[in-house]
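Visitor: predicted model and sequence follow; I will ask about them next.
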Amino acid sequence: MNNAIIIGSGPAGLTAAVTCAEFGIHVIVIDEYMIAGGRLLGQLYEEPNGSWWNGIQESKKLYNQAINLGVEFYLNTTVNNIEKKENSWIVYTEKGEFQTANLLLATGAAESPVPVPGWTLPGVMSVGAAQVMTNVHRVKPGERGVIIGVNVLSAAIAMELQLAGVEIACLTLPKMNNVTKEAGNPREILDSLLHVSHMAPSPFVRYGSKLMKNDFMKKLGITFYPKNGVKMWDIPIQLRKAVTEIYGKHEVEGVTVATIDVNGEIVNGSEEHIQVDFVCIAGGLYPLAELAAVAGCPFYLIEELGGYVPLHNERMESPLEGLYVAGNITGIEGAKVAAAQGRTAGLSIAYHAGVKGLEIEIKDSIKMTEETRNSAYIQFHPEIGIGRRKVLEQWEEYHVSKGGVR
């Protein structure tokens, strides 16, 4: 059966589709969204060399390549179930059933916003929703907003919103509790930001971050961190303030923030109000891997990769015959790494479909993925390399327990 089905049309899915089609494999791509591109669609940022990464243009380029190679797209189509029957995977959708021997899951990631009192008010949204509204649909989420949650994703999207003429009053933390945990702890947040300090436009901030290499200096840094924050792209990054409430009668009218100590505890009597007309909540991303679970793929919790990930090897193969994974379903990384994984997955599919002479290309593609990862300007998780090694160790242990290594 010389065909393949790919679920997900983000950078991994599109690149895999193009790769497979180049080897004469008929490819069907299924995605629940109305436009191909996935999280590429919302991305717009300046790279270190001064050029601009435009996700919409990149997705159009890949989509057009795929169409010209005969790839068949089923967009705005939800997958309800997948199951293995004999040597074929059956994909059940609202538009019918599809059958293949080679199934790639490139379902990406989802946001995990933290709950804040008042978050059900109209005008509160995830930071990713604000990105899509602004960069894809060209609709401002509002005129002035606050982003709750300080991480790599929220900082990048804050810059994109500012480029679109949207004022961001500040990036600040949620009030620390049993749910928000590390997201409300200024020490934890400072530690995570040190790994992306090279992105800071201020030479002072970049130099200062190099001094905080031990716990004492980190504690000192957060103790003397300015109450009003440090500005990045003219947006205050506030690690010593937390939102205690989003308020408004019928829609967002503002947020209540309070000063917090170095341990994240609220300083009584320090509350103040910031008037805004929208609020974004940024709790980070986690691998969207439900379909892999439905397929029966083994899972492991790898914190360095953002959560539970399906077991896979460097060739993007799962332990289940004919099932492959690529992109953020395997761990939270950038679009370029996802695309590199997509190419590896496409080559692996072509190899198992009977295309000869691909071993060297697959090895080169695995090496290219590693190089892309190591040179990534933005890393969502600072210890991604450790996470990847843990997955490979689990792969070896799994197959040893099954009596052999695939």
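Guide: In hand now; what should we look at?
Visitor: neighbours of residue 368, just the number please.
Guide: Residue 368 has 13 neighbours, counted by other CB atoms under 10 Å. Every residue, glycine included, has its C-beta placed from N, CA and C.
Visitor: mean confidence score for the helix or strand in which it is found?
Guide: Using DSSP states H and E, residue 368 maps to helix 359-374. Regarding helix 359-374, the rounded mean pLDDT is 96.
Visitor: contacts for that helix?
Guide: Here helix 359-374 makes contact (CB atoms under 8 Å, 6 or more residues apart in numbering) with 314-315, 333, 336-337, 340-341, 343-344, 347-348, 351, 384-385, 388.
Visitor: can you pull the buried residues of that helix?
Guide: 361, 362, 365, 366, 369, 372, 373 (16 or more other CB atoms under 10 Å).
Visitor: of those, just say which sits nearest to residue 83.
Guide: residue 362 (28.0 Å; CB to CB).
Visitor: format the buried residues of helix 359-374 as CSV; extra columns: distance to residue 141.
Guide: Output for those, formatted as CSV (distance: CB to CB, whole Å):
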residue, distance to residue 141
361, 43
362, 43
365, 38
366, 40
369, 34
372, 31
373, 32
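Visitor: buried stuff in stretch 174-193?
Guide: 174-176, 180, 183-193.
Visitor: returning to what we had before: tilt between the helix or strand just after the helix holding residue 368 and helix 359-374?
Guide: Counting by DSSP H and E, the next helix or strand C-terminal to helix 359-374 is helix 384-401. Angle, helix 384-401 to helix 359-374, by axes from the mean of the first three to the mean of the last three CA atoms, to 10 degrees: 140 degrees.
Visitor: pull the residues that contact helix 384-401.
Guide: Taking CB under 8 Å, 6+ apart as the rule, helix 384-401 contacts 298, 300, 302-305, 309, 311-314, 319, 330-331, 333, 373, 381, 405-406.
Visitor: which helix or strand contains the closest residue to residue 23 other than its chain neighbours?
Guide: Using CB to CB, 6 or more residues apart in numbering and skipping the chain neighbours, the partner closest in space to residue 23 is residue 350 (4.2 Å). Here residue 350 sits within helix 335-352, counting by DSSP H and E.
Visitor: buried ones in that helix?
Guide: Quick answer for helix 335-352 (16+ other CB under 10 Å): 335-352.
Visitor: now swap in stretch 318-335 and tell me
Guide: 318-320, 322-335.
Visitor: packing partners of the helix holding residue 350?
Guide: Taking 3 or more CB pairs under 8 Å, 6 or more residues apart in numbering; DSSP states H and E as contact, the helices and strands that helix 335-352 lies on are helix 11-22, strand 103-105, strand 323-325, helix 359-374.
Visitor: again, 6 Å this time
Guide: helix 11-22, helix 359-374 (3 or more CB pairs under 6 Å, 6 or more residues apart in numbering; DSSP states H and E).
Visitor: chain center to the longest one: distance?
Guide: Here the centre of helix 359-374 is set off from its chain's centre by 21 Å, with CA atoms, centre = their mean, to the nearest Å.
Visitor: and what of stretch 179-195?
Guide: Worked out by CA atoms, centre = their mean, stretch 179-195 lies 18 Å from the chain centre.
Visitor: that older thread, and of the buried residues of helix 359-374, the nearest to residue 74?
Guide: After measuring those against residue 74 - CB to CB - the closest member comes out as residue 365, at 26.6 Å.
Visitor: isn't residue 376 up against residue 334?
Guide: Yes: using CB atoms under 6 Å, residue 376 makes contact with residue 334 at a distance of 5.3 Å.
Visitor: quick check: the gap between residue 380 and residue 334.
Guide: Applying CB to CB, to the nearest Å, the value for residue 380 to residue 334 is 7 Å.
Visitor: I meant residue 312, not that one.
Guide: 18 Å.
Visitor: check residue 40 too.
Guide: 10 Å.
Visitor: over to residue 34?
Guide: Residue 34 sits 24 Å away from residue 334, going by CB to CB.
Visitor: same deal with residue 174?
Guide: 25 Å.
Visitor: got it, and residue 281?
Guide: 22 Å.
Visitor: swap in residue 38?
Guide: From residue 38 to residue 334 the distance is 12 Å (CB to CB).
Visitor: can you check residue 356 too?
Guide: Distance of residue 356 to residue 334, given as CB to CB: 33 Å.
Visitor: now do the helices in the stretch 201-350 of the chain.
Guide: Remark: helices assigned in the stretch 201-350 of the chain by DSSP state H, counting those that start in this stretch are 203-211, 215-223, 290-295, 335-352.
Visitor: contacts for the shortest one?
Guide: Put plainly, it is helix 290-295. Applying CB atoms under 6 Å, 6 or more residues apart in numbering, the contact partners of helix 290-295 are 82, 105, 107, 310, 323.
Visitor: my guess is the last one contacts residue 103, does it?
Guide: Spelled out, that is residue 323. Yes: assessed by CB under 6 Å, residue 323 is found in contact with residue 103 at 5.5 Å.
Visitor: what's the overlap in contacts for the two?
Guide: Between them, residue 323 and residue 103 share no contacting residue, judged by CB under 6 Å, 6+ apart.
Visitor: and which of the buried residues of stretch 174-193 is nearest residue 155?
Guide: Nearest member of those to residue 155, counting by CB to CB, is residue 193, at 8.2 Å.
Visitor: let me know the outermost residue of the protein.
Guide: residue 269 (37.4 Å; CA atoms, centre = their mean).
Visitor: where does the protein dip in pLDDT?
Guide: For the chain, applying pLDDT under 70 flags the ranges 1, 45-46, 191-229, 403-406.
Visitor: break it into its domains for me.
Guide: Split into domains by automatic domain parsing, the chain comes to 3-110+285-401, 113-281.
Visitor: pick the most deeply packed of these.
Guide: Mean neighbour count (mean count of other CB atoms under 10 Å) peaks for domain 3-110+285-401 among those, with a mean of 20.
Visitor: which one's the longest strand in the chain?
Guide: When the chain is parsed with DSSP state E, its longest strand is strand 235-247.
Visitor: and the contacts of it?
Guide: 116-118, 121, 124, 148, 158, 168, 170-175, 184, 186, 189, 225, 227, 229-230, 253-260, 279.
Visitor: that strand: how far from the chain's middle?
Guide: That offset, for strand 235-247, works out to 23 Å (CA atoms, centre = their mean).
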